[in-house]
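Engineer: mind folding the following:
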Amino acid sequence: MTAWALFVPELSLFGAALLFLALALVRTIRPRVVFLAALAAAALAIVLGLASLSAEGMLFGQSYRIDLFSQVFKVLLTLGLFLVTCICGDVSGVDRRRHAEFYLLLFTCTLAMMLLSSAVHLLSIYVALELSSYSLYVLVSLRRTHELAVAAALKFFIVGIVSSAVMLFGLALLYGGTGAVYLDELARALPPAVDQPLVQVGLLLTLCGFFFKLAVFPFHIWAPDTYQSAAHQVTAYIATASKIGAIAILMRMANVSGGSPYLVQVLVGLAVLSMTVGNLAAIAQKDLKRLFAYSSIAQAGYVLIGILSLTPEGYAASIFYSLALLVMKFLCFLVLVVVAADGADIDVAHLAGLHRRSPLLAMALMMSVFSLAGIPPTIGFTGKFLIFNAAIERGLLPLVLIAMANVVVSLYYYLMVVRAAYLIEPAAELPKLQVSPVMKLLTGALVAVMVLCGIYPTLILDLSSAAAAALVK
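Structural biologist: Below you'll find the predicted structure:
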């Protein structure tokens, strides 16, 4: 396989981004045409990603690794891009003249995270992370119909650049303490040097950039306002696809740490705080997107449990849970986009009577929040079981008990969402929701995936285990 053939999935997204850049210059182009072009480009990216699943090699002076681990995450990223594009038929809140720019930023951000999943040089990791972040800053600000959209984008930007500066300083300390810039070199240099304060501080500060992307406490403060103020489709992308790239590179960095007890202790503390703060804060939320924001913070804590196990089983569980989060969160936002077709923000109370307006959407919302809560037989339950099992095998039973207590807490606000959809009647009679046949098919397929992968996770788990093995070899 030639070098360029290894880079085909990334090239497809780059070509699509150039296409949308050209379309942005044609002000007479209809938004529907741009949407169909984006849908076709995202579907092609999935096909090319699947075709490249078994590809292996090194590119760009050994700074870019193609292996099963990176390719699995690229498939997840393109899947997330495709799903989000499916609900972008009418991007309410974004000027119709800006739809081409909207897709340009969406595809550029996905491309950056694909680069991030394969980057094995410290500077290439930093550049890819920044490219994805700046795309998101602009995407959030595109919602001109929300009075706080620009303020939320500015807050997102400020927290992001601070995290970026801290991360860059951490990279400099790591290089100063180890003399390594490639992750392979770092994997050899870190274990004997990990007890040095310079290296410990450098490793922690480096991870701050990834914690920001994942909305891990205390880098979560941007999430609630950003989720609420961005267009629904942008929030869906931030909550799903944008997390996957951060999980991938966080796993790569954790793997090169050589099983550092220091790193484990830090990640344990951050996991506990993220789960606890996220779940407790979500209880008080009325706005649906803010509730999902705090839920995402809590879910980041569960992901950290799998990563901090620093074992192939823990990494495999985290990869499996990445797919679970993608499906669960997207289904929540699919329901939100259909219910709030005008693009307005809605409270949990606005879900009243949903089971009458659309039984399918009510059922999909119920299944997705039950899966987020870890109720069997959903994919969320299986993912949490795998993560907790890996942590127990690592000797982290107290952490698992804390996580299980947080799962019980999360049941309260997830059940409040179900209660609103099924048990509360609206103050006035509301019309039936118009759901297109394509959207019905997509909703049914995702519900089936959540249940089938929860009951029969073998196929996905085997692929996750193979990807984890490619990471640690």
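
Engineer: lowest-confidence helix or strand of this structure?
Structural biologist: Least confident helix or strand of the chain, by mean pLDDT, DSSP states H and E, is helix 3-6 with a mean of 73.

Engineer: quick one: residues in contact with the helix or strand following it.
Structural biologist: Using DSSP states H and E, the next helix or strand after helix 3-6 towards the C-terminus is helix 8-24. Residues from elsewhere that reach helix 8-24 (CB atoms under 8 Å, 6 or more residues apart in numbering): 4, 29, 34, 37-38, 41-42, 44-45, 48-49, 51-52, 71, 74, 78, 100-101, 103-104, 107-108, 110-111, 114-115. (C-beta placed from N, C-alpha, C; glycine too.)

Engineer: inside helices: which ones of those residues?
Structural biologist: Secondary structure from DSSP state H places 4, 34, 37-38, 41-42, 44-45, 48-49, 51, 71, 74, 78, 100-101, 103-104, 107-108, 110-111, 114-115 of the contacts of helix 8-24 in helices.

Engineer: of those residues, just the buried ones, PyMOL syntax please.
Structural biologist: Filtering the ones in helices among the contacts of helix 8-24 down to the buried ones (16 or more other CB atoms under 10 Å) takes a single PyMOL command:
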select buried, resi 34+37+38+41+42+44+45+48+49+71+74+78+100+101+103+104+107+108+110+111+114+115
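
Engineer: residue closest to the middle of the protein?
Structural biologist: K243 (2.2 Å; CA atoms, centre = their mean).

Engineer: check which helix or strand covers that residue.
Structural biologist: helix 241-255.

Engineer: against which helices or strands is that helix packed?
Structural biologist: Counting contacts by 3 or more CB pairs under 8 Å, 6 or more residues apart in numbering; DSSP states H and E, helix 241-255 packs against helix 68-86, helix 99-118, helix 122-141, helix 183-193, helix 197-214, helix 288-308, helix 312-339, helix 458-472.

Engineer: and A271, what does it touch?
Structural biologist: 301-302, 304-305, 308, 399, 403.

Engineer: ok, it to G245 distance?
Structural biologist: Between A271 and G245 the computed distance is 20 Å (CB to CB, to the nearest Å).

Engineer: same check, this time on V266
Structural biologist: Taking CB to CB, one finds V266 at 21 Å from G245.

Engineer: so those two - more neighbours on which side?
Structural biologist: G245 (29 against 17; other CB atoms under 10 Å).

Engineer: surely the more buried one meets F210?
Structural biologist: No. G245 is beyond contact range of F210, at 9.2 Å (criterion: CB atoms under 8 Å).

Engineer: so where's this protein uncertain?
Structural biologist: 1-3, 145-147, 149, 258-259, 343 (pLDDT under 70).

Engineer: and the longest helix anywhere in the chain, what does it pack against?
Structural biologist: Of all the segments assigned as helix in the chain under DSSP H, the longest by residue count is helix 149-178. For helix 149-178, the helices and strands in contact under the criterion 3+ CB pairs under 8 Å, 6+ apart are helix 122-141, helix 183-193, helix 197-214, helix 223-229.

Engineer: chain center to that helix, what's the gap?
Structural biologist: 19 Å (CA atoms, centre = their mean, to the nearest Å).

Engineer: now do the buried residues in that helix.
Structural biologist: In helix 149-178, counting by 16+ other CB under 10 Å, buried: 149, 152-153, 155-157, 159-160, 163-164, 166-168, 170-171, 173-174, 177-178.

Engineer: ok, now stretch 78-90?
Structural biologist: 78-90.

Engineer: contacts for it next, please.
Structural biologist: Contacts of stretch 78-90 (CB under 8 Å, 6+ apart): 9, 13, 32, 35, 38-39, 42-43, 45-46, 48-49, 102-103, 106-107, 110, 114, 232-233, 236-237, 240-241, 244, 326, 330, 333-334, 337, 341, 438-439, 442.

Engineer: still on that earlier bit, buried sites along the least confident helix or strand of the chain?
Structural biologist: Quick answer for helix 3-6 (16+ other CB under 10 Å): L6.

Engineer: also stretch 466-473?
Structural biologist: 466-468, 470-471.

Engineer: and stretch 132-152, by the same measure?
Structural biologist: Result for stretch 132-152 [16+ other CB under 10 Å]: buried residues 132-143, 146, 149, 152.

Engineer: which pair of these spans the longest distance?
Structural biologist: S132 and H146 (22.6 Å; CB to CB).

Engineer: not counting its neighbours along the chain, what's nearest K384?
Structural biologist: Distances taken as CB to CB, 6 or more residues apart in numbering put G374 closest to K384, at 4.3 Å, once the chain neighbours are dropped.

Engineer: how close does that neighbour sit to M404?
Structural biologist: Distance from G374 to M404, by CB to CB: 9 Å.

Engineer: more crowded one of those two?
Structural biologist: Shown here are G374 and M404; by other CB under 10 Å, G374 has more neighbours (25 against 12).

Engineer: ok, the more buried one - contacts?
Structural biologist: 380-381, 384, 407.

Engineer: S242 now?
Structural biologist: 109, 113, 132, 136, 213.

Engineer: so who does the closest residue to S318 other than its chain neighbours touch?
Structural biologist: With sequence-adjacent residues excluded and distances taken as CB to CB, 6+ apart, S318 is closest to G306, at 3.6 Å. Listed by CB under 8 Å, 6+ apart, the contact set of G306 reads 314-315, 317-318, 321, 386-387, 390-391.

Engineer: burial of the closest residue to A349 other than its chain neighbours, as a residue count?
Structural biologist: Among residues not flanking A349 along the chain, A420 sits closest, at 6.1 Å (CB to CB, 6+ apart). Residues lying near A420 (other CB under 10 Å) number 21.
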